[in-house]
Structures are given as C-alpha cells and as structure tokens.
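Colleague: pasted the sequence and its predicted model underneath.
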Amino acid sequence: MKDKLSSTSSLITFYQTESCINFLESITEPNKIGNAILILQSDDTNIDNVIDQFEPINSIKYVYVCSKNAFDIQYRRIIRGKFQNENDLYSQIYSDNLYNSFTQANQQIDLYKNKTEANRYFQQTEQFYKLLKEHQDREKNVVE
C-alpha cells in the first residue's frame, strides 16, 4: 500500500519525532510546496504528547493518526482522522484524495475553463479510485 501511495505523492519517512519536527519547521514557505499531510503511526501510550509537538508547526495541513490508542487521543485542529488499524487509515486516505482530485477537476472546468488542468486532476481521480478499489478488494479477500 505504501509503495502505491508514494508513487502519487512525495513521501518522506521519519522514524524519530525530533528529525520530523526539524524538517517540518525548516519549511519556510509551505504555500509554495504545499502543506504537509502527516501520517503518524505509533502505539506509544504517550501519543498525545507527540501530537502536541506537531500542533504549532505551520507547515502541517493535517495529521492522520494510526494507533491502538487512537480513540483516547484528544481532539486537535490538525487531526484529520484517528484510526486503530492501517486498513482503515489507507481507506480514508485514498477516499480523501479521490474526493479532492474530483473536486479540483470540476473546479478547473467550472471556474477556470481549464480543460488541460482538469484532465490532470481527472487522471489523479482515476488513479485514486483504482487504489481504493484494489485496497477494498484486498481487504475483502482477507475477510473471506
């Protein structure tokens, strides 16, 4: 799953909180490169403290949290979703990206009359639809 996601986005993996925070704080103009979407996977019982460290960083658009303690985590502005397993996490990520690409494509057509850019977003929509469908099929096969 991670390999397919990395082919559609720029992914950087960090295994330590401090190096990730240093990188995110070094982004001086997030609007030029796009804000970061953080996927935080940890079963640390102290995960609230880790999220607190990310809260003030301006380059973070939002965070998906995957943890066995997910539902004990307090709400914060940067949390987009809380999941207890990777299957639910990736289903949501693919769904969100599918929706965003489709919305962007329609916006390019309706507001800007830019068919070339709309086609690019439609291609992304198709790619995320395929990823979501593959993920759902794999999940269905595991259940059976």
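Modeller: Ah, there it is. Numbering: from 1, shown residues only.
Colleague: buried stuff in the helix or strand hosting Asn119?
Modeller: Counting by DSSP states H and E, the secondary-structure element that holds Asn119 is helix 115-143. Of the residues in helix 115-143, those with enough neighbours to count as buried (16 or more other CB atoms under 10 Å) are Ala118, Tyr121, Phe122, Gln124, Thr125, Gln127, Phe128, Tyr129, Leu131, Leu132, His135. C-beta here means a position set from N, CA and C on the backbone, and glycine is covered the same way.
Colleague: could you do stretch 37-47 as well?
Modeller: When neighbours are counted by 16+ other CB under 10 Å, the buried residues of stretch 37-47 are found to be Ile37, Leu38, Ile39, Leu40, Ser42, Ile47.
Colleague: so who does the last one touch?
Modeller: Spelled out, it's Ile47. Residues counted as contacts of Ile47 (CB atoms under 8 Å, 6 or more residues apart in numbering) are Leu40, Val65, Ser67, Asn69, Ile73.
Colleague: thank you, goodbye.
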